[in-house]
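S.K.: Have a look at this fold, sequence not included:
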């Protein structure tokens, strides 16, 4: 972990290490961090955003999400659409701030801090934190004292981290590390189950997906989106790796 090469302006911090930071409309760079960015989205990010916007997950994906997969990548990656305004602004940012603030993605909640989690051989997750000090950000001039633990708690990232760690059991699975590639059908199932929850639930209800018995045993709990996402991780693990 100590050998990881970090980008410019990024430094590793301990979870109890103090730093000064605050973001609010009174800071002269307010919303600058919502522009000129490439914002990757996790399954939990999309779950919360589609709830906040009131959109069906399939509609949200079509309207606001870009999916990319380079040759050799085991899984596709998902990014939030940016506005073509010369600043590559987030589609949800306004002069007053974030229009989907209660459902904002995990990366937005923790900025300028970042968290990485690596699955260990014993299946535990080892996490570490970094601080991104970009020149345009004046939030570091503010006097409020933060730590990684305090800031994470204030920004409500616990459910995001917990969900992301579960998804990491797929992304960092031993078979994936050894070079396993998904078929086109398996990739479709991956996208459906993790990123298109409403369509996933509908297809499960219609009985058109593998491992139907697994769903019927947990059907009542899966009415809740977060529970359905938990189910989706387990369902995918069985589908992809138990063969």
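M.R.: Received it, and whenever you're ready, just let me know what you need. Just so it is clear, the structure is predicted and the values come from calculations on it, not from any experiment. Numbers count the residues shown, from 1 in each chain.
S.K.: Which neighbouring elements make contact with the worst-scoring helix or strand of the chain on mean pLDDT?
M.R.: Least confident element among the helices and strands of the chain, by mean pLDDT, DSSP states H and E: strand 113-119 (a mean of 83). Here strand 113-119 touches strand 125-132, helix 148-154, helix 158-171, going by 3 or more C-beta pairs under 8 Å, 6 or more residues apart in numbering; DSSP states H and E. In this view, the C-beta of every residue, glycine as well, is placed from N, C-alpha and C.
S.K.: and the ones you listed as TSV, adding distance to residue 37 and mean pLDDT?
M.R.: Listed next are the helices and strands packed on strand 113-119 as TSV, based on distance: least, C-beta to C-beta, whole Å; pLDDT from 0 to 100:
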stretch	distance to residue 37	mean pLDDT
strand 125-132	11	88
helix 148-154	19	95
helix 158-171	18	94
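S.K.: Mind checking these for the one nearest to residue 238?
M.R.: Nearest of these to residue 238, taken as C-beta to C-beta: helix 158-171 at 11.0 Å.
S.K.: The longest helix seen in the chain - what's its average pLDDT?
M.R.: Counting by DSSP state H, the longest helix found in the chain is helix 225-241. Taken as a whole, helix 225-241 has an average pLDDT of 97.
S.K.: Look up phi and psi at residue 80.
M.R.: Per-residue torsions, residue 80: phi -70, psi 140 (degrees, to the nearest 10).
S.K.: Give me the spatial nearest neighbour of it, chain neighbours excluded.
M.R.: residue 39 (4.4 Å; C-beta to C-beta, 6 or more residues apart in numbering).
S.K.: and that neighbour, how many neighbours does it have?
M.R.: 16 (other C-beta atoms under 10 Å).
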